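Q: fold the following for me, if possible:
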Amino acid sequence: MNSNLTALEWGLFGSFLLAVTAWMFVRLGRGSAWRWGVLGLVCVVAGLAFVMQRRVEAHRLDREKLQATVPRVGRPGGYTTSDTCRSCHPGQYETWHDSYHRTMTQYASPESVQADFGNVRLRLGDEEMRVWKEGADYWAELPDPQWKDLTRNRANPGAAPIVKRRIGLLTGSHHMQIFWIPSTVGNQQLVFPFAWLIEDRKWFPVHSTFLRDPKLAPTQHSWNVNCIKCHATAGQPRPDRSIGGLDTRMGDIGISCEACHGPAEEHVRLNQNPLRRYQARMEGKGDSSIVNPAKLGKAASAQVCGQCHGIKWIPSSENFHQEGFSFRPGQDLDASTPVVRPTRWREQTFLQAGLRQNPRFIEEHYWPDGMVRVSGRDFNGTVEAPCYQKGEMTCLSCHSMHSAQSNVSQMAVGKDSNDGCLQCHSAMRGKVEEHTHHKAGSTGNECYNCHMPHTTYGLLKAIRSHQISSPTVISSLRTGRPNACNLCHLDRSLDWTADRLAEWYRQPKPELPAEHRDTAASVVWALQGDAGQRALMAWHLGWEPAKAASQSGWLSPYLAQLLADPYSAVRYIAHRSLKRQPGFGGFGFDPVGPPTDWESARVMAMEQWRKGSTNLSAKPEVLLGEGGSLDEARFESLLKRRNNRSMDLQE
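A: Presented below is the predicted three-dimensional model:
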């Protein structure tokens, strides 16, 4: 609309100049020297106006062409977008606008793009790509991402041709940004093979950002049917047979006001009347035309968050691809798209049928006891937590969208401490040290670190579990999930932990396998564990509280070994943690380089550690012998028993 008005204004301006020229030409005498000078000047200005008008019009048409390639805002169901909320709720609008929820999906623009588009050349295997910027537009040159679909029935399709596509959409703005290539049919968005890692300020292959078996072929992600479920408000994929593609629509781009408060069209209409607004405020009445999650019951409030932060089952009755999800804030989420709870698999009959179709579904999302292990699914942990099941805890007990002290965690003011737990467990106030057996102010005296340890994986890091529980050695043995004690005391064995838990909390001490009686649990998990365990250990070996509690001079050999791990995500995390060790700040390594480079880096890091570890003393639990030398035989013995099962954690 603005471009149309600007083009019209330039046209009117040019017409006005021509009219003025004609008038002056008549008014000035035939012999006036000014007559031809004014005529020439006006013609030049009019010509410039005509050129500008054509440029503006061309720009308008160009933007319309781009907009036609991306999912569009505007769908039935009463959605009005967050812009309509701003005039009446400016404070709430600003706090939402500053959050990462808003930027879950954005249109590509100089304001949203953080990546380097300075004519950068990228290489993935045998394929070369290039990204660059032209004015305010972002472009990519790459092998045609649609080639496999276009040549599916050809005997010899050949190599994909190189195409140039303008990027219109991106997701993420905190850890990484992923860019989307528009399809030539409809507005389907296909993933660009490289993501931008914000902290590292580097391009990185998208498939390498996931904890995924390298033997598995990269998947072709489509924003319209995957990301739209949680990275947009009220999205509708909408396959359209008439065009042979998708005509995707959404209530709003990103996670906006109506994602949590419900469609606002009726609310906006009713509150156009100021008398209604003031009367409701004076009477202290709520507004039934909109949903306020803070005023809902425990389950309904938590389900507002759970619609995105939960692993849901989509029944056949849910016409998601055409209409999107039917759930609206305030409704019962389980009535439309129930949250998958492996602990209740007998009750959830749909899960039994689903497991026959995908037998690996549970292991791709959960620990063996049903605790969720992948990021962004905190609601799955919350509903299994005793504080939710037996108490009144809900997401808003600790988090807030509009009064958060940080837009990273959305923690409410004053809740990012023991006070978050003591608001309910008031009997513990003044007795926390007695309960934790750790000094006030220490990491071990913080409720979160024992009851919500970092046992969830995602985004190339470890994340806190939201299934509030107590550390036990038995659960570590049965599930392979590291417990809070050994995630901080990295230099201690499960045997040591079992003794502490028996002494302090009267937990029965289980029978332990040999390696867990005399070897630090972190060492066993880092060398002998599966890829998921190794990723968690790679992160914790660089976690500052754990380093402080564990005499960190011995950590580097294990991070060095993880530089040669088969999984790129493990290599990346290990390298990041290694750079936090003394003397390794400038250690260079490419986690997605050739395997020969992994081994070279491992050898180099090990040698560098040996040269700088002359002051270490013997510590058998972490395989250090006399003089602080590494017990190579025990090290190799654990490594040979590494769990090499195929893993593909679905974040």
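Q: helix or strand with the lowest mean pLDDT in the protein?
A: Every helix and strand in the chain was compared by mean pLDDT, DSSP states H and E; the lowest is helix 2-27, with a mean of 62.
Q: is the closest residue in space to Lys295 that isn't next to it in sequence in a helix, a strand, or coil?
A: If the residues on either side of it in the chain are set aside, Lys295 comes closest to Gly286, at 6.3 Å by C-beta to C-beta, 6 or more residues apart in numbering. To be clear about C-beta, it is placed using only N, CA and C from the backbone, and glycine gets the same treatment. Following DSSP: H, G, I helix; E, B strand; the rest coil, Gly286 is assigned to coil.
Q: got a list of what Gly286 touches?
A: The contact partners of Gly286, taken as C-beta atoms under 8 Å, 6 or more residues apart in numbering, are 280, 292, 295.
Q: I'd say the second one and His267 touch.
A: The reference is to Asn292. No: contact criterion C-beta atoms under 8 Å: Asn292 and His267 do not qualify, at 10.9 Å.
Q: which of these two has more residues huddled nearby?
A: Taking neighbours as other C-beta atoms under 10 Å, Asn292 and His267 compare with His267 leading, 21 against 15.
Q: after the helix or strand encompassing the more buried one, which helix or strand is next?
A: For His267, the enclosing helix or strand under DSSP states H and E is helix 265-270. Taking DSSP H and E as the definition, the helix or strand that follows helix 265-270 towards the C-terminus is helix 274-283.
Q: and that next one, which residues are buried?
A: For helix 274-283, burial by neighbour count (16 or more other C-beta atoms under 10 Å) applies to no residue.
Q: for the helix or strand just after that helix, what is the average pLDDT?
A: Next helix or strand after helix 274-283 toward the C-terminus (DSSP H and E): helix 298-306. Per-residue confidence for helix 298-306 averages out to 97 on the pLDDT scale.
Q: what residues sit buried inside helix 298-306?
A: Under the neighbour-count rule (16+ other C-beta under 10 Å), helix 298-306 has 300-306 buried.
Q: so where's the stretch 51-200 of the chain uncertain?
A: 52-63 (pLDDT under 70).
Q: what segments of it are helices?
A: With DSSP state H, counting those that start in this stretch applied, the stretch 51-200 of the chain shows helices at 90-97, 147-150, listed in chain order.
Q: CA atoms only: put the last one into PDB for me.
A: Extracted as PDB, the C-alpha positions of helix 147-150 are listed here (Å, rounded to 0.1, in the frame of the first residue of the first chain):
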ATOM      1  CA  TRP A 147      15.400 -31.400  -8.200                       C
ATOM      2  CA  LYS A 148      14.800 -34.700  -6.500                       C
ATOM      3  CA  ASP A 149      11.000 -34.200  -6.600                       C
ATOM      4  CA  LEU A 150      11.100 -32.900 -10.100                       C
END
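Q: got the buried residues for the helix holding His267?
A: Counting neighbours by 16+ other C-beta under 10 Å, helix 265-270 gives 267-268 as buried.
Q: can you name every helix or strand that it contacts?
A: Applying 3 or more C-beta pairs under 8 Å, 6 or more residues apart in numbering; DSSP states H and E, we find helix 265-270 packed against no helix or strand.
Q: please state the offset of that helix from the chain centre?
A: The offset between the C-alpha centroid of helix 265-270 and the centroid of the whole chain comes to 33 Å, using C-alpha atoms, centre = their mean, to the nearest Å.
Q: put the alpha carbons of that helix into CSV.
A: These are the backbone C-alpha positions of helix 265-270, laid out as CSV (Å, rounded to 0.1, in the frame of the first residue of the first chain):
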residue,chain,number,x,y,z
GLU,A,265,-11.3,-10.2,16.3
GLU,A,266,-14.4,-10.2,18.6
HIS,A,267,-12.4,-8.7,21.5
VAL,A,268,-11.2,-5.8,19.3
ARG,A,269,-14.7,-5.2,18.0
LEU,A,270,-16.4,-5.1,21.4
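Q: any weak-confidence spans in the protein?
A: Within the chain, the stretches falling below the threshold (pLDDT under 70) are 1-15, 17-18, 20-42, 45-46, 49, 52-63.
Q: mind running it again at 80?
A: Low-confidence segments of the chain, defined by pLDDT under 80, are located at 1-66, 153, 277-278, 280-281, 283-286, 614.
Q: and it, what are its domains?
A: When the chain is parsed into structural domains using automatic domain parsing, the resulting residue ranges are 2-67, 95-253, 298-469, 470-651.
Q: kindly reformat the ones you listed as TSV containing distance to Gly78.
A: As requested, these are arranged in TSV below (distance: least, C-beta to C-beta, whole Å):
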stretch	distance to Gly78
domain 2-67	23
domain 95-253	9
domain 298-469	9
domain 470-651	32
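Q: wait, which of those domains is closest to Thr84?
A: Evaluated over these, closeness to Thr84 peaks at domain 95-253, with 10.1 Å, by C-beta to C-beta.
Q: need the distance between the two termini of that closest one.
A: For domain 95-253, the first-to-last residue distance is 17 Å (C-alpha to C-alpha, to the nearest Å).
Q: so what's the gap between that domain and the chain middle?
A: The mean C-alpha position of domain 95-253 is separated from the chain mean by 15 Å, C-alpha atoms, centre = their mean.
Q: again with stretch 388-404
A: 21 Å.
Q: contacting residues around it?
A: Under the contact criterion C-beta under 8 Å, 6+ apart, stretch 388-404 has outside partners 91-92, 95-96, 99, 101, 260, 293-294, 298, 301-302, 304-305, 378-379, 382-383, 385, 387, 409-413, 415, 420, 423-424.
Q: same check, this time on stretch 487-497
A: When contacts are taken as C-beta under 8 Å, 6+ apart, the neighbours of stretch 487-497 outside the stretch itself are 443-444, 449, 453-455, 471, 473, 476-477, 483, 485-486, 512, 516-522, 536, 540-541, 543, 545-547, 549-551, 554-555, 619, 621-622.
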